[in-house]
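Trainee: okay, sequence plus prediction incoming.
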Amino acid sequence: MTFELPELPYEKSALEPYISSKTIEFHYGKHHKTYVDNLNALIKNTVYESMDLDDIVRSTVNRAESTAIFNNAAQAWNHAFFWRSMRPNGGGEPEKELKARLIKDFGSVEKFKEEFKAAAVSQFGSGWAWLVEDTGVLRVIKTSNADTPIAHGLKPILTIDVWEHAYYLDYQNQRAAFVDAYLAHLINW
Ligand code: MN
(Lines give C-alpha, C1' and ligand atoms only; values in the text may rest on other atoms or scores of the structure.)
Protein backbone atom coordinates (compact mmCIF):
# COMPACT_ATOMS: atom_id res chain seq x y z
CA MET A 1 0.00 0.00 0.00
CA THR A 2 0.97 3.60 -0.39
CA PHE A 3 0.94 5.50 2.87
CA GLU A 4 -0.46 9.00 3.11
CA LEU A 5 0.39 11.79 5.49
CA PRO A 6 -2.51 11.62 7.99
CA GLU A 7 -4.51 14.79 8.42
CA LEU A 8 -3.53 16.98 11.33
CA PRO A 9 -6.37 16.74 13.92
CA TYR A 10 -6.50 20.58 14.30
CA GLU A 11 -5.50 23.74 12.46
CA LYS A 12 -1.79 24.53 12.12
CA SER A 13 -2.19 27.51 14.43
CA ALA A 14 -4.38 25.71 16.99
CA LEU A 15 -1.58 24.97 19.47
CA GLU A 16 -0.30 28.54 19.62
CA PRO A 17 1.27 30.13 21.58
CA TYR A 18 2.81 26.87 22.87
CA ILE A 19 3.66 25.44 19.44
CA SER A 20 3.75 27.95 16.58
CA SER A 21 2.27 27.47 13.10
CA LYS A 22 5.83 27.80 11.83
CA THR A 23 6.92 24.77 13.88
CA ILE A 24 3.89 22.80 12.69
CA GLU A 25 4.61 23.79 9.07
CA PHE A 26 8.10 22.32 9.33
CA HIS A 27 7.46 19.49 11.76
CA TYR A 28 4.26 18.16 10.20
CA GLY A 29 4.58 19.53 6.67
CA LYS A 30 8.26 18.70 6.12
CA HIS A 31 9.63 16.24 8.72
CA HIS A 32 6.57 14.01 9.12
CA LYS A 33 5.80 14.15 5.38
CA THR A 34 9.39 13.15 4.53
CA TYR A 35 9.18 10.04 6.73
CA VAL A 36 6.01 9.00 4.89
CA ASP A 37 7.50 9.75 1.45
CA ASN A 38 10.75 7.92 2.28
CA LEU A 39 8.81 4.92 3.57
CA ASN A 40 6.77 4.69 0.35
CA ALA A 41 9.95 4.82 -1.75
CA LEU A 42 11.74 2.24 0.42
CA ILE A 43 8.96 -0.38 0.46
CA LYS A 44 8.17 -0.22 -3.25
CA ASN A 45 8.40 -3.75 -4.68
CA THR A 46 9.24 -5.34 -1.31
CA VAL A 47 7.25 -7.65 0.98
CA TYR A 48 6.49 -4.62 3.14
CA GLU A 49 4.30 -3.11 0.43
CA SER A 50 1.38 -5.30 1.48
CA MET A 51 1.68 -4.64 5.25
CA ASP A 52 0.08 -2.00 7.42
CA LEU A 53 2.30 0.44 9.30
CA ASP A 54 2.26 -1.43 12.63
CA ASP A 55 3.28 -4.67 10.94
CA ILE A 56 6.13 -2.99 9.07
CA VAL A 57 7.45 -1.55 12.35
CA ARG A 58 7.23 -4.91 14.13
CA SER A 59 8.76 -6.82 11.21
CA THR A 60 11.79 -4.56 10.75
CA VAL A 61 12.87 -3.75 14.32
CA ASN A 62 16.42 -4.89 15.14
CA ARG A 63 17.08 -6.10 11.59
CA ALA A 64 20.22 -4.50 10.23
CA GLU A 65 19.12 -4.89 6.62
CA SER A 66 15.83 -3.08 7.31
CA THR A 67 17.07 -0.15 9.39
CA ALA A 68 15.99 2.56 6.96
CA ILE A 69 12.51 1.07 6.57
CA PHE A 70 12.16 0.71 10.36
CA ASN A 71 13.30 4.28 11.00
CA ASN A 72 10.88 5.83 8.51
CA ALA A 73 7.94 3.55 9.38
CA ALA A 74 8.42 4.08 13.13
CA GLN A 75 8.74 7.84 12.69
CA ALA A 76 5.59 7.89 10.53
CA TRP A 77 3.79 6.00 13.32
CA ASN A 78 5.23 8.09 16.18
CA HIS A 79 4.36 11.43 14.57
CA ALA A 80 0.76 10.43 13.80
CA PHE A 81 0.46 9.43 17.47
CA PHE A 82 2.17 12.60 18.72
CA TRP A 83 -0.30 14.94 16.95
CA ARG A 84 -3.16 13.08 18.64
CA SER A 85 -1.40 13.26 22.03
CA MET A 86 -2.04 17.01 22.00
CA ARG A 87 -5.10 19.22 21.56
CA PRO A 88 -5.93 22.91 21.68
CA ASN A 89 -6.80 23.84 25.29
CA GLY A 90 -5.27 20.59 26.49
CA GLY A 91 -3.65 20.04 29.87
CA GLY A 92 -5.72 20.33 33.03
CA GLU A 93 -6.94 17.20 34.75
CA PRO A 94 -6.92 13.72 33.16
CA GLU A 95 -10.31 12.14 32.56
CA LYS A 96 -11.61 10.09 35.47
CA GLU A 97 -10.52 6.57 34.51
CA LEU A 98 -7.01 7.57 33.44
CA LYS A 99 -6.62 9.71 36.56
CA ALA A 100 -7.43 6.73 38.77
CA ARG A 101 -4.88 4.58 36.92
CA LEU A 102 -2.18 7.27 37.16
CA ILE A 103 -2.78 7.52 40.91
CA LYS A 104 -2.63 3.73 41.25
CA ASP A 105 0.60 3.30 39.26
CA PHE A 106 2.51 6.55 40.01
CA GLY A 107 1.06 7.69 43.36
CA SER A 108 -0.45 10.91 41.92
CA VAL A 109 -0.95 12.79 38.66
CA GLU A 110 1.84 15.15 39.76
CA LYS A 111 4.23 12.22 40.26
CA PHE A 112 3.39 10.98 36.77
CA LYS A 113 4.11 14.44 35.34
CA GLU A 114 7.45 14.61 37.19
CA GLU A 115 8.50 11.20 35.89
CA PHE A 116 7.35 12.00 32.35
CA LYS A 117 9.19 15.33 32.36
CA ALA A 118 12.37 13.70 33.72
CA ALA A 119 12.27 11.10 30.93
CA ALA A 120 11.67 13.75 28.25
CA VAL A 121 14.40 16.07 29.50
CA SER A 122 17.00 13.32 30.10
CA GLN A 123 16.63 11.60 26.72
CA PHE A 124 20.12 12.23 25.33
CA GLY A 125 19.92 13.51 21.76
CA SER A 126 16.86 12.72 19.68
CA GLY A 127 13.95 10.61 20.84
CA TRP A 128 10.62 10.40 22.58
CA ALA A 129 9.09 10.11 26.06
CA TRP A 130 6.00 7.95 26.51
CA LEU A 131 3.26 6.91 28.85
CA VAL A 132 2.71 3.25 28.01
CA GLU A 133 0.75 0.30 29.29
CA ASP A 134 2.94 -2.70 30.03
CA THR A 135 0.93 -5.82 30.87
CA GLY A 136 -1.78 -3.82 32.60
CA VAL A 137 0.51 -1.36 34.39
CA LEU A 138 1.16 2.24 33.32
CA ARG A 139 4.83 3.17 32.97
CA VAL A 140 6.92 6.06 31.65
CA ILE A 141 9.65 5.18 29.18
CA LYS A 142 11.87 7.02 26.73
CA THR A 143 13.04 5.83 23.31
CA SER A 144 15.95 6.93 21.12
CA ASN A 145 15.66 8.28 17.60
CA ALA A 146 12.81 6.46 15.81
CA ASP A 147 12.36 3.67 18.35
CA THR A 148 8.75 3.13 19.39
CA PRO A 149 6.92 1.16 22.11
CA ILE A 150 4.85 -0.75 19.55
CA ALA A 151 8.03 -2.50 18.40
CA HIS A 152 8.48 -3.89 21.93
CA GLY A 153 5.00 -5.12 22.84
CA LEU A 154 4.06 -2.00 24.82
CA LYS A 155 0.83 -0.04 24.30
CA PRO A 156 1.41 3.72 23.90
CA ILE A 157 -1.03 6.03 25.72
CA LEU A 158 0.65 9.45 25.23
CA THR A 159 3.90 10.75 23.78
CA ILE A 160 6.07 13.84 23.38
CA ASP A 161 8.60 14.28 20.58
CA VAL A 162 11.88 15.61 21.98
CA TRP A 163 13.85 15.76 18.75
CA GLU A 164 15.16 19.34 18.47
CA HIS A 165 12.97 19.90 15.39
CA ALA A 166 9.93 19.61 17.71
CA TYR A 167 10.80 22.69 19.78
CA TYR A 168 13.84 24.57 18.51
CA LEU A 169 11.98 27.31 16.59
CA ASP A 170 9.81 28.12 19.62
CA TYR A 171 12.04 27.28 22.59
CA GLN A 172 15.58 27.08 21.14
CA ASN A 173 17.57 24.83 23.50
CA GLN A 174 15.02 25.02 26.36
CA ARG A 175 13.60 21.51 26.09
CA ALA A 176 12.29 21.59 29.67
CA ALA A 177 10.16 24.67 28.88
CA PHE A 178 8.64 22.82 25.91
CA VAL A 179 7.85 19.80 28.11
CA ASP A 180 6.28 22.06 30.75
CA ALA A 181 4.07 23.72 28.09
CA TYR A 182 3.05 20.31 26.75
CA LEU A 183 2.04 19.05 30.22
CA ALA A 184 0.24 22.26 31.25
CA HIS A 185 -1.48 23.30 28.01
CA LEU A 186 -1.33 20.68 25.26
CA ILE A 187 -1.55 17.13 26.61
CA ASN A 188 -4.68 15.35 25.35
CA TRP A 189 -5.53 13.06 28.28
MN1 MN B 1 9.45 14.94 15.10
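Mentor: Okay, I see it.
Trainee: which neighbouring elements make contact with the host helix or strand of Thr34?
Mentor: Using DSSP states H and E, Thr34 falls within helix 33-43. Judged by 3 or more CB pairs under 8 Å, 6 or more residues apart in numbering; DSSP states H and E, helix 33-43 is in contact with helix 67-84. Bear in mind the C-beta positions are built from the backbone N, C-alpha and C, glycine included.
Trainee: how about the helix it packs on and the ion, any contact?
Mentor: No - shown here: helix 67-84 not in contact with the ion (CB under 5 Å from the ion), separated by at least 5.7 Å.
Trainee: neighbours around Thr34, how many?
Mentor: Thr34 has 14 neighbours, counted by other CB atoms under 10 Å.
Trainee: going by proximity to the ion, name the top residue of the protein.
Mentor: Nearest to the ion, among the residues of the chain, is Asp161, at 4.2 Å (CB to the ion).
Trainee: so that residue touches Trp83, yeah?
Mentor: No - distance between Asp161 and Trp83: 9.6 Å, which falls outside the contact criterion (CB atoms under 8 Å).
Trainee: these two: who's more crowded?
Mentor: Legend: neighbour count by other CB under 10 Å for Asp161 and Trp83, higher for Asp161 (26 against 20).
Trainee: and that one, backbone torsions?
Mentor: As for Asp161, its main-chain torsions (degrees, to the nearest 10) stand at phi -80, psi 120.
Trainee: returning to what we had before: in the helix holding Thr34, which residues are buried?
Mentor: Under the neighbour-count criterion of 16 or more other CB atoms under 10 Å, helix 33-43 has Tyr35, Val36, Asn38, Leu39, Asn40, Leu42, Ile43 buried.
Trainee: quick check: the most centrally placed residue in the chain vs Arg175, distance?
Mentor: Nearest to the geometric centre of the chain sits Phe82, at 3.7 Å (CA atoms, centre = their mean). Look at Phe82 and Arg175: by CB to CB, to the nearest Å, they are 15 Å apart.
Trainee: assumed Arg139 was part of a strand.
Mentor: Yes - according to DSSP: H, G, I helix; E, B strand; the rest coil, Arg139 belongs to a strand.
Trainee: torsion angles phi and psi at the closest residue to Ser144 other than its chain neighbours?
Mentor: The spatially closest residue to Ser144, leaving aside those adjacent along the chain, is Gly127, at 4.5 Å (CB to CB, 6 or more residues apart in numbering). When read as degrees, to the nearest 10, the backbone of Gly127 gives phi 160, psi -160.
Trainee: now the helices for this protein?
Mentor: All helices of the chain, identified by DSSP state H, fall at 21-26, 33-43, 53-60, 67-84, 96-106, 109-122, 168-171, 175-181.
Trainee: what's the angle between the fifth one and helix 109-122?
Mentor: For helix 96-106 against helix 109-122, the angle by axes from the mean of the first three to the mean of the last three CA atoms, to 10 degrees is 70 degrees.
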